[in-house]
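Engineer: The following block contains a protein sequence and its predicted model.
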Amino acid sequence: MTIPEQKLANAIRALAMDAVQAANSGHPGMPMGMADVATVLFREYLKFDASDPRWADRDRFVLSAGHGSMLIYALLHLTGYAQPTIEDIRNFRQLGSPCAGHPENHELPGVECTTGPLGQGFAMAVGMAMAERHLNAVYGNDLVDHRTWVIAGDGCLMEGINHEAVGLAGTLGLGRLNVLWDNNHITIDGDVSLSSSEDVLGRYRASGWHVAECDGHDFADIRRALAEAAADPRPSLVSCRTIIGKGAPNKQGGHNVHGAPLGAEEIAAARVELGWDYPPFEIPADVKTEWEKAGQHGAGVKAEWQARLTASPRKAEFEAQMAGRLDAAVPTRTFIEGLLADPKKVATRKASEMALEGLTASIPAMVGGSADLTGSNNTKTKATAPFTKADYSGRYVYYGIREFGMAAAMNGMALHGGVVPYGGTFLVFSDYCRNAIRMSALQQCRTIYVLTHDSIGLGEDGPTHQPIEHIMSMRMIPNLEVFRPCDVIETAECWQLALENESTPSVLALTRQNLPQLRTEATENRSAKGAYRLRGATAARKVVIVATGSEVEIAMTVADRLEAEGIGADVVSMPSMSRFAAQDAAYRNDVIPGDVLRVSIEAGTTFGWESVTGSDGLRFGIDRFGASAPIDALYDYFGLTADKMVPQIIAALK
C-alpha cells in the first residue's frame, strides 16, 4: 500500500506541534510550513544513509532557520537515524535532551552545524560547498561528489551576512549549493512588508545565482523546482511559497504561529484539518516504514562509493584528511631550528607567514584566506594557489571585504571535514565577525583566525583601527584559544598548538611592528602551558612581570632597570591566558608566586588582569580609546614604557 505524500508530510507537522506543545516553548510555524518541501527533498533528492551519518560523500543538509528545529528532529527520527528517539522528541527543549531549542551539531549525528543565529547556517553552507568543490578537485568525482542543501527563512535572507555569503557563492560559482527559501511572507513582528520591500530574487540573479520558484505545498511543483536547481551549474535559490503553520486552521498564515505553542484547542483542530487521527507522538507503523525507506535508499550509493574508495590508491590519504589527522610538529620544529641558528626580528604577522610557509607545504588540508587584507595579514604562502571558479584545487580564498561571511564560511569548511581553514583580518574588525567566532567555539570547529594589527602598535591609523578591548573580550568566549605571541618562536609554537586543537578554534593576535627574537632555546613548546618564566631574577626576587605579545620586549627592559636598582624581577611571557589557567596549581604558583608584587603589561584593557596580578598588583594597559600618532609616541603617551612604569613599580614596593 502506497502512503500518500501528504500523510508523510503531516507526520512532520504532528511531531512539531506535539513537541512544542509538550515543551510549552518553541517554533511550530516553520516546520509545519516547510513539511511538504522537506518531504520531497529527503525522499527524492538528498543523498544520505541514516545508518552512517558520517559518510564522507553524503549530501550536507543545513537548517539555516534553526528556530524551526523540530523539522530536522522529525526528519532524523522518521528516516531512521539512531537519534533522536521518540523519547528524545518528547523531551524537546529539556535539560539533557539532544533535541535542543536550536539544532546543535555535537548533540546529534545528522545535524551538520549549529544554527539559530539567522544567516549563519546559510553562510556555513557556502563554506561546505567550497570544501566539497575543493576536495572534488583534489580527489575527483569517484570520492567526492555531493551537494549542499539549505532551508532558509526570511530572516536568513535579511541578515547582512547573507549578502556577503551570496556574493561569495556567486563569484565562486558554487553550483552544488541549493537553498530552499521558506517564503512565507512572515517575520516575528508581522508581514515581511513591514520591514522589507527588497526584490530578493533580483538580488540573487544579480549575484550570479540561478533562481526558481514553486508552490511549497504542491508536491509536483516542488519536485520540478528542485530538479531545476540540481541541474543548474550555478548556485540556486528556490523560492518556496509557503503558509507558516500550515495545517493549523485558525492560526496558519499569521505571525503568532511563529514562536509559540498552538495550544490544545488549536492542535485538536489541526488534527482534524490534517486527518491525523493519532495520539501525540504516535507515528503509524506504515508511515514510519515508508519514511525509513528514504533513510535507506542511499545505502546502495554509499556501497558503490565505498568500493571505489577501497580500490583507490589514495584511500589512506583521503581518510586521513577527512579525519583531520595532521602533523604540525615536524614543520614547526624544522622552522624553529632555523631560527635558533639565525634569529629574526620581525613582526609576528610576518613570523606567522614564515611559519605558514612550512606548514601549508606539509599539510594539504590547510586552506587560507583573508578579507581583502592579504598583504597586511601575511596569510598567503607559496603553497597556496588561489581558490577560484576556474580552479577549485587552490588553497587560498580571496574573501573580499566580507569578514563575517569569511568566518562563517570557514566554520562550514571545518564542519564539512577535509579542510583546516584559516583566515585573516585586522583584530579590530573581529567585531564584524564576532558571532561567527563564537559559533566556531560552540560548534567545536578547528577554525583559525589570524588577527593582525593587534594594538596601538599599528600607529597612525588611530583609534578606529587600534584594538583596546578586543583581546580580552575574545578570551571571554568559552572554548576559544587566544594566542598573543611575543616573538617569531612563540608564533610558530602557537601555530602548532592551534593546528593540534581539533575541537577548539584559535585566534592568533599578531603585531604590525617588528619584535626581537627573545627566545634563544626551544627544547620544548613552552607556549603549550600558556605562560612560562622567560627570564628569572638575578637579584632577590621581589617582582614578577607578566606580559603578552609586543609588551614582553618592554617587560624585559623594565626588568633590566629594576635589576639595576637591586630589585629582582622575573619576566613571564603569557601567550595564552586560558592555557595557563588550565595548569595545575603547583605550576601556576611556581611561575607567578603570590609572595611578590605581580605586574601585568598588555597594550589593551586592564580589565581581567586582576585574575593574574591580584587586587594588590599593578596592571599597565589602556582603558580608553587610542590615538593617531607614530608608535613610539603612543607607547610613551599611554605610559607603556620602562621610563613610565619603573618608578610606579618601585613606589608600589615601598
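Structural biologist: Noted; the coordinates are in hand. It should be emphasised that the depicted structure is a prediction, and the values quoted were computed from it without experimental measurement.
Engineer: and residue 603, how far is that from residue 106?
Structural biologist: 36 Å (CB to CB, to the nearest Å). Any C-beta I mention is one placed from the backbone N, CA and C, and that applies to glycine too.
Engineer: higher neighbour count, the two?
Structural biologist: residue 603 (28 against 12; other CB atoms under 10 Å).
Engineer: Using the three-state scheme, assign that one.
Structural biologist: Recorded secondary structure, residue 603: coil (DSSP: H, G, I helix; E, B strand; the rest coil).
Engineer: Leaving out chain neighbours, which residue sits closest to it?
Structural biologist: residue 455 (3.9 Å; CB to CB, 6 or more residues apart in numbering).
Engineer: Give me the nearest residue to residue 423, chain neighbours excluded.
Structural biologist: Residue 423 sits nearest to residue 369 (CB to CB, 6+ apart), 4.5 Å away.
Engineer: That neighbour contacts residue 394, doesn't it?
Structural biologist: No - assessed by CB atoms under 8 Å, residue 369 is found out of contact with residue 394, at 10.2 Å.
Engineer: So between the two, which is more surrounded?
Structural biologist: With neighbours defined as other CB under 10 Å, residue 369 and residue 394 compare such that residue 369 has more, 29 against 16.
Engineer: so what sits against both of residue 369 and residue 394?
Structural biologist: Contact criterion CB atoms under 8 Å, 6 or more residues apart in numbering; residues shared by residue 369 and residue 394: residue 387.
Engineer: Report the contact partners of the residue nearest the centre of the chain.
Structural biologist: The centre of the chain sits closest to residue 440, judged by CA atoms, centre = their mean, with a distance of 2.9 Å. Applying CB under 8 Å, 6+ apart, we find residue 440 in contact with 407, 410-411, 414, 447, 449, 480, 505.
Engineer: and stretch 451-464, how far out from the chain's middle?
Structural biologist: Mean-position distance between stretch 451-464 and its chain equals 25 Å (CA atoms, centre = their mean, to the nearest Å).
Engineer: my bad, should have said stretch 7-16
Structural biologist: With CA atoms, centre = their mean, you get 32 Å for stretch 7-16.
Engineer: Please apply the same query to stretch 465-474.
Structural biologist: Centroid separation for stretch 465-474 versus its chain: 19 Å, with CA atoms, centre = their mean.
Engineer: Now the terminal residues of that stretch, how far apart.
Structural biologist: Taking CA to CA, to the nearest Å, stretch 465-474 runs 17 Å from one end to the other.
Engineer: So what touches it?
Structural biologist: 426-428, 430-431, 437, 451, 453-456, 458, 480, 482, 484, 507, 509, 548, 602, 604-605, 607-608, 622-627.
Engineer: Now, those that are in helices?
Structural biologist: residue 437 (DSSP state H).
Engineer: List buried members of the contacts of stretch 465-474 by neighbour count.
Structural biologist: 426-428, 430, 437, 451, 453-456, 458, 480, 482, 484, 507, 509, 548, 602, 604-605, 608, 622, 626-627 (16 or more other CB atoms under 10 Å).
Engineer: Pretty sure residue 270 sits against residue 261.
Structural biologist: No - Residue 270 is beyond contact range of residue 261, at 11.7 Å (criterion: CB under 8 Å).
Engineer: who's more crowded, the two?
Structural biologist: For residue 270 versus residue 261, the count of surrounding residues by other CB under 10 Å is larger for residue 270: 25 against 20.
Engineer: For the closest residue to the more buried one other than its chain neighbours, which residues are in contact?
Structural biologist: The spatially closest residue to residue 270, leaving aside those adjacent along the chain, is residue 248, at 4.6 Å (CB to CB, 6+ apart). If you count contacts by CB under 8 Å, 6+ apart, residue 248 has them with 17, 28, 32, 257, 262, 266-267, 269-270, 273.
Engineer: what about residue 248, distance to residue 69?
Structural biologist: Distance from residue 248 to residue 69, by CB to CB: 18 Å.
Engineer: what comes up buried for stretch 46-65?
Structural biologist: 46-50, 53, 55-65.
Engineer: Give me the subset of those lying in strands.
Structural biologist: Among these, the members falling in strands (DSSP state E) are 60-63.
Engineer: Tell me the one of these nearest residue 154?
Structural biologist: Lowest distance from residue 154 to those (CB to CB) belongs to residue 63, with 14.7 Å.
Engineer: give me every residue that touches the residue lying closest to that closest one once chain neighbours are set aside.
Structural biologist: Closest residue in space to residue 63, ignoring its immediate chain neighbours: residue 72 at 4.7 Å, by CB to CB, 6+ apart. Counting by CB under 8 Å, 6+ apart, residue 72 touches 61, 63, 103, 110-111.
Engineer: Tell me where the stretch 401-550 of the chain has strands.
Structural biologist: 420-426, 448-452, 481-483, 506-510, 514-515, 532-535, 541-547 (DSSP state E, counting those that start in this stretch).
Engineer: Please tabulate those in JSON lines and include distance to residue 498 and mean pLDDT as additional columns.
Structural biologist: Shown next, in JSON lines, are these (distance: least, CB to CB, whole Å; pLDDT from 0 to 100):
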{"stretch": "strand 420-426", "distance to residue 498": "8", "mean pLDDT": "98"}
{"stretch": "strand 448-452", "distance to residue 498": "5", "mean pLDDT": "98"}
{"stretch": "strand 481-483", "distance to residue 498": "7", "mean pLDDT": "98"}
{"stretch": "strand 506-510", "distance to residue 498": "4", "mean pLDDT": "98"}
{"stretch": "strand 514-515", "distance to residue 498": "19", "mean pLDDT": "98"}
{"stretch": "strand 532-535", "distance to residue 498": "18", "mean pLDDT": "98"}
{"stretch": "strand 541-547", "distance to residue 498": "21", "mean pLDDT": "98"}
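Engineer: Tabulate the ones you listed (JSON lines), appending distance to residue 243.
Structural biologist: Shown next, in JSON lines, are the strands of the stretch 401-550 of the chain (distance: least, CB to CB, whole Å):
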{"stretch": "strand 420-426", "distance to residue 243": "39"}
{"stretch": "strand 448-452", "distance to residue 243": "42"}
{"stretch": "strand 481-483", "distance to residue 243": "46"}
{"stretch": "strand 506-510", "distance to residue 243": "44"}
{"stretch": "strand 514-515", "distance to residue 243": "61"}
{"stretch": "strand 532-535", "distance to residue 243": "62"}
{"stretch": "strand 541-547", "distance to residue 243": "61"}
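Engineer: between those, which gets nearest to residue 163?
Structural biologist: Across those, closest to residue 163 is strand 420-426 (CB to CB), at 17.3 Å.
Engineer: got the angle for that closest one vs strand 448-452?
Structural biologist: 20 degrees (axes from the mean of the first three to the mean of the last three CA atoms, to 10 degrees).
Engineer: Please name every helix or strand in contact with strand 420-426.
Structural biologist: Secondary-structure packing of strand 420-426 (3 or more CB pairs under 8 Å, 6 or more residues apart in numbering; DSSP states H and E): strand 366-370, helix 374-377, helix 403-416, strand 448-452.
Engineer: Could you dump those into CSV with distance to residue 83 added?
Structural biologist: Formatted as CSV, the helices and strands packed on strand 420-426 follow (distance: least, CB to CB, whole Å):
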stretch, distance to residue 83
strand 366-370, 31
helix 374-377, 41
helix 403-416, 18
strand 448-452, 31
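Engineer: Checking my notes, the residue nearest to residue 63 in a strand, right?
Structural biologist: No - Residue 72 is assigned helix when assessed by three-state DSSP, not a strand.
Engineer: Please report the distance of it from residue 148.
Structural biologist: Residue 72 sits 15 Å away from residue 148, going by CB to CB.
Engineer: same deal with residue 104?
Structural biologist: Noted for residue 104: a distance of 19 Å to residue 148, by CB to CB.
Engineer: buried sites along stretch 435-449?
Structural biologist: 435-449.
Engineer: Distance across that stretch, terminal residue to terminal residue?
Structural biologist: 13 Å.
Engineer: Could you tell me how far that stretch lies from the centre of the chain?
Structural biologist: Relative to the centre of its chain, stretch 435-449 is centred 3 Å away, using CA atoms, centre = their mean.
Engineer: on that earlier part again, what sits in contact with each of residue 270 and residue 261?
Structural biologist: residue 17.
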